[in-house]
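*Asks:* sequence below, structure please.
(one chain, ligands or ions: 1)
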Amino acid sequence: MYNKALSELSAGDVIMELNAQAAALAAEIGSENVFNYSIGNPNLPPPPSVYEAIASVLKEEDQTAVHGYGPNAGIREVREAIAGHINSRFGQDLTYEDIFVVAGSCAGLSILLKALAVPGDEVICIAPYFTEYAAFLMAAGAKLVAVDADPQTFFPDVSAIREAISPRTRAVIVDSPNNPTGVIYPLEVLQDLAAMLREKETEYGHPIYLVSDEPYREIVFEGEDLPYLMDLYDDTIVSYSYSKSLSLAGQRIGYLAFSSRIAERKEIIRAVAGAGRIYGHTCAPTLFQRVLLHCIGDTTDVSLYRQNRDLLVGQLEQCGFSFVPPHGAFYVMVKSPIPDAVAFARDAAQRHHLFFVPTDAFGTKGYVRLSYCVSPEMIRRSFPALEQLAKDYGLLQ
Ligand code: PLP
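*Replies:* From the prediction side, this is the model:
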């Protein structure tokens with residue numbers, strides 16, 4: 001006997017599944033003949049400061065502090081450093097107590113949502129949304145209320161969100177730069193969202209949290225200045241990850257930051273620690289917490305993602321594909337030339353060894369996501385396959 005629902009959930013992880021299929025095909029026919037646009041695994045190395053920091057932390061005298069258990073919410077010095085970084089960069093007034101260091105933002109978001117919602121509560125996700133929100137909410141017993149983004153821009157549709165809010169709404173999750181669209185939500189839209197949420201908080205007499213999931217904050221291409229949502233809305237919780245900004249996805253390190261204006265933040269943080277306990281989130285990796293002390297504001301050279309974007313988007317355009325112009329993260333969402341994007345993605349993989357993720361699992365049908373944190377050589381090598389695919393579907397003569 002076992003939990004069948006969880007077995008199905010694992011089989012339903014389309015991204016991991018496609019990535020595994022691409023790897024199996026590459027082992028068979030050579031990786032140079034497979035064009036794997038499925039997974040958002042950063043292909044750039046971490047910046048040199050990370051390697052230097054690892055070397056220096058490994059030489060620290062107290063190796064128990066480096067490899068042993070750390071406090072549940074993170075090492076105090078590290079929490080202080082993160083709060084200090086946020087304060088100087090975004091003009092906040094956080095203390096170490098407002099920071100909870102986590103083993104990556106998947107862990108952070110799942111313990112946060114568990115802490116905010118009881119079974120039957122609702123959390124609004126703007127579709128298309130990061131697939132894993134559904135799993136985190138399932139674990140919390142909370143209902144994912146999907147609200148479609150504006151189909152022209154893929155920005156949040158604030159009036160549709162207003163309609164979807166109920167007395168059971170505990171939180172709204174925003175993710176900008178967005179996975180899977182690569183769009184950046186404009187300041188005015190976020191201001192409207194904040195104003196509407198304030199109105200609803202007053203109407204219901206309880207907080208509605210704005211969860212800003214921002215693993216792609218540093219990956220912006222046109223010099224956009226992304227607003228810090230704590231500035232726009234008091235009840236904001238930021239989920240940050242070093243997976244993409246420092247290319248440390250496998251090391252599992254990130255944090256939750258709670259606005260100092262959240263009335264019940266101490267209680268919520270205690271609930272996050274309680275959720276961590278039931279999920280076995282004992283502490284974030286201590287080695288990488290200490291590494292952060294040396295390179296907290298650094299990033300990988302994200303200009304390389306911009307070059308990849310230009311390369312790929314140029315070819316998609318030439319081939320006649322329609323897509324949402326991406327301004328950040330490392331994804332582009334392409335319209336499927338047939339209504340069934342799952343069939344289109346299957347066909348692209350079978351006939352041309354092009355691996356795309358249908359966005360059905362992101363809550364929006366009719367598109368595929370291409371992840372371009374890959375080598376520019378792979379993008380160039382995929383050009384003939386993309387051309388052939390476009391010809392198959394009559395987009396190109
Ligand atoms: N949130 C979004 C929008 C993501 O795209 C990802 C990873 O791709 C995550 C969260 C999870 O990141 P982490 O590696 O920190 O768990």
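
*Asks:* any idea what the closest residue to Val174 other than its chain neighbours is bridged to?
*Replies:* Leaving aside its sequence neighbours, Val174 sits nearest to Ser212 (Cβ to Cβ, 6 or more residues apart in numbering; 5.6 Å). From N, CA and C alone the C-beta is placed, and that goes for glycine too. Under DSSP bridges, the beta-bridge partners of Ser212 are Val174, Val238.

*Asks:* thinking Ser212 is in contact with Ser239, fair?
*Replies:* Yes: between Ser212 and Ser239 there is a contact under Cβ atoms under 8 Å: 6.9 Å.

*Asks:* on that earlier part again, what sits against the residue nearest to Val174?
*Replies:* Ser212 is in contact with Val174, Asp175, Ser176, Leu229, Thr236, Ile237, Val238, Ser239, counting by Cβ atoms under 8 Å, 6 or more residues apart in numbering.

*Asks:* and if we set it to 6 Å?
*Replies:* Val174, Leu229, Val238 (Cβ atoms under 6 Å, 6 or more residues apart in numbering).

*Asks:* which among these gets closest to the ligand?
*Replies:* Closest approach to the ligand among the contacts of Ser212 (Cβ to the nearest ligand atom): Val174, at 10.0 Å.

*Asks:* separation between the closest one and Leu193?
*Replies:* Counting by Cβ to Cβ, to the nearest Å, the gap between Val174 and Leu193 amounts to 7 Å.

*Asks:* before we move on, what about Lys200?
*Replies:* The value you get for Lys200 to Leu193, if Cβ to Cβ is used, is 11 Å.

*Asks:* touching stretch 263-271 from outside, list them.
*Replies:* Phe100, Ala115, Phe258.

*Asks:* one more time with 7 Å, if that's ok
*Replies:* Contacts with stretch 263-271, where a contact means Cβ atoms under 7 Å, 6 or more residues apart in numbering, come from Asp98, Phe100, Ala115, Phe258, Ile262.

*Asks:* now, among these, which is nearest to Ala341?
*Replies:* Nearest to Ala341 among the contacts of stretch 263-271, counting by Cβ to Cβ, is Ala115 at 34.6 Å.

*Asks:* any chance of a PyMOL selection covering the buried ones in the contacts of stretch 263-271?
*Replies:* In PyMOL syntax, the buried subset of the contacts of stretch 263-271 is picked out as below (16 or more other Cβ atoms under 10 Å):
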select buried, resi 98+100+115+258+262
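
*Asks:* near the ligand, which residues of the protein show up?
*Replies:* Contact residues, the chain versus the ligand (Cβ under 6 Å from any ligand atom): 40, 104-106, 130, 175, 179, 213, 215, 241, 243, 249, 254.

*Asks:* which element is Ala349 on?
*Replies:* helix 341-352 (DSSP states H and E).

*Asks:* all strands for this structure, in order.
*Replies:* Counting by DSSP state E, the chain has strands at residues 35-36, 99-102, 122-127, 143-148, 169-174, 209-213, 236-241, 254-258, 331-335, 354-355, 357-358, 367-371.

*Asks:* will you turn these into TSV that also has mean pLDDT?
*Replies:* As requested, the strands of the chain are arranged in TSV below (pLDDT from 0 to 100):
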stretch	mean pLDDT
strand 35-36	97
strand 99-102	98
strand 122-127	98
strand 143-148	98
strand 169-174	98
strand 209-213	98
strand 236-241	98
strand 254-258	98
strand 331-335	98
strand 354-355	97
strand 357-358	96
strand 367-371	97
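
*Asks:* export the ones you listed to JSON lines and append columns for distance to Asp157.
*Replies:* Putting the strands of the chain into JSON lines (distance: least, Cβ to Cβ, whole Å) gives the following:
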{"stretch": "strand 35-36", "distance to Asp157": "33"}
{"stretch": "strand 99-102", "distance to Asp157": "30"}
{"stretch": "strand 122-127", "distance to Asp157": "8"}
{"stretch": "strand 143-148", "distance to Asp157": "7"}
{"stretch": "strand 169-174", "distance to Asp157": "12"}
{"stretch": "strand 209-213", "distance to Asp157": "16"}
{"stretch": "strand 236-241", "distance to Asp157": "20"}
{"stretch": "strand 254-258", "distance to Asp157": "27"}
{"stretch": "strand 331-335", "distance to Asp157": "17"}
{"stretch": "strand 354-355", "distance to Asp157": "31"}
{"stretch": "strand 357-358", "distance to Asp157": "22"}
{"stretch": "strand 367-371", "distance to Asp157": "17"}
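
*Asks:* Asp298: which of those is closest?
*Replies:* With Cβ to Cβ as the measure, strand 236-241 is the member of those nearest Asp298 (13.9 Å).

*Asks:* in CSV, list the C-alpha atoms belonging to that closest one.
*Replies:* Taking Å, rounded to 0.1, in the frame of the first residue of the first chain, the C-alpha atoms of strand 236-241 are listed here in CSV:
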residue,chain,number,x,y,z
THR,A,236,4.2,41.4,1.6
ILE,A,237,6.4,38.3,2.0
VAL,A,238,9.3,37.9,-0.4
SER,A,239,10.5,34.5,-1.4
TYR,A,240,14.1,34.8,-2.9
SER,A,241,16.4,32.1,-4.2
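
*Asks:* centre of the chain to that strand, how far?
*Replies:* 11 Å (Cα atoms, centre = their mean, to the nearest Å).

*Asks:* among the contacts of stretch 263-271, which one lies nearest to the ligand?
*Replies:* Using Cβ to the nearest ligand atom, the contacts of stretch 263-271 come closest to the ligand at Phe100, 13.7 Å.

*Asks:* give the contact list for that closest one.
*Replies:* When contacts are counted by Cβ under 7 Å, 6+ apart, Phe100 touches Ala73, Gly74, Tyr255, Leu256, Ile269, Val272.

*Asks:* how near is the closest residue to Phe221 other than its chain neighbours to Arg290?
*Replies:* Ranked by Cβ to Cβ, 6+ apart and with sequence neighbours excluded, the top spatial neighbour of Phe221 is Arg306, at 4.4 Å. According to Cβ to Cβ, Arg306 stands 31 Å off from Arg290.
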